[in-house]
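1. structure for the following, please:
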Amino acid sequence: MRHNKKFNHLGRTASHRNAMLANMACSLIKHKRITTTVAKAKALKKFVEPLITKSKEDTTNSRRVVFSNLQDKFAVTELFKEISVKVADRPGGYTRIIKTGHRLGDNAEMCFIELVDYDENMAKTAAPKKSTRTRRSKKNAAEAPAAEEAPKAE
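-> Residues are numbered from 1 along each chain as shown. A predicted model of the protein is given here:
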């Protein structure tokens, strides 16, 4: 029986799956956004978010634990120097999955997974665009200049 076994094996052996997730996590850390299938992105999210949480505390032990999962010293350096500084005040949810449609060859559901703090398009600092045109009827538009002129005459 499979009670409480909700792990997606992704059709691979354990060693192949671990190697694939480690490579995808290194790519995500280096490039800040990667395109993949939804199933792999969800598995990657469960794999990489604990590593980012671990990187908030820059100790020798946490670096060794992260390196044992990633096996890439450049990705570990990037994670501890840049990413952990940006996510220091965030209590979790370091990645975002955005679905992009279906792949042409096999109709697999595709998406891109990205680090939340590195997306310039969805940054909070961007000011909302202010609309200059308003939708009004011609009747109200004819009354508006007359109403504006009346107080000026007085």
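2. residue contacts, the residue nearest to the spatial centre of the chain?
-> In the chain, the centroid-proximal residue (CA atoms, centre = their mean) is residue 96; its distance is 2.8 Å. Counting by CB atoms under 8 Å, 6 or more residues apart in numbering, residue 96 makes contact with 113, 114, 115, 116, 119, 122. C-beta coordinates here come from the backbone N, C-alpha and C atoms, glycine included.
3. next, give phi and psi for the third one.
-> Backbone geometry at residue 115, expressed as degrees, to the nearest 10, gives phi -80, psi 130.
4. residues touching it, list them.
-> 28, 32, 33, 83, 94, 95, 96.
5. can you pick the most crowded of the residues you listed?
-> Of all those, the highest neighbour tally under other CB atoms under 10 Å goes to residue 28, namely 25 neighbours.
6. thought it was touching residue 44?
-> Yes. Using CB atoms under 8 Å, residue 28 is in contact with residue 44, at 6.8 Å.
7. now do the shared contacts for the two.
-> 95, 113.
8. CSV for the contacts of residue 96, including distance to residue 20?
-> Compiled in CSV, these are given as follows (distance: CB to CB, whole Å):
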residue, distance to residue 20
113, 14
114, 19
115, 19
116, 23
119, 24
122, 28
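9. just those residues now: which is nearest residue 89?
-> Nearest to residue 89 among these: residue 116, at 12.3 Å, using CB to CB.
10. can you map out the strands along the protein?
-> Secondary structure of the chain (DSSP state E): strands at 33-37, 95-102, 109-115.
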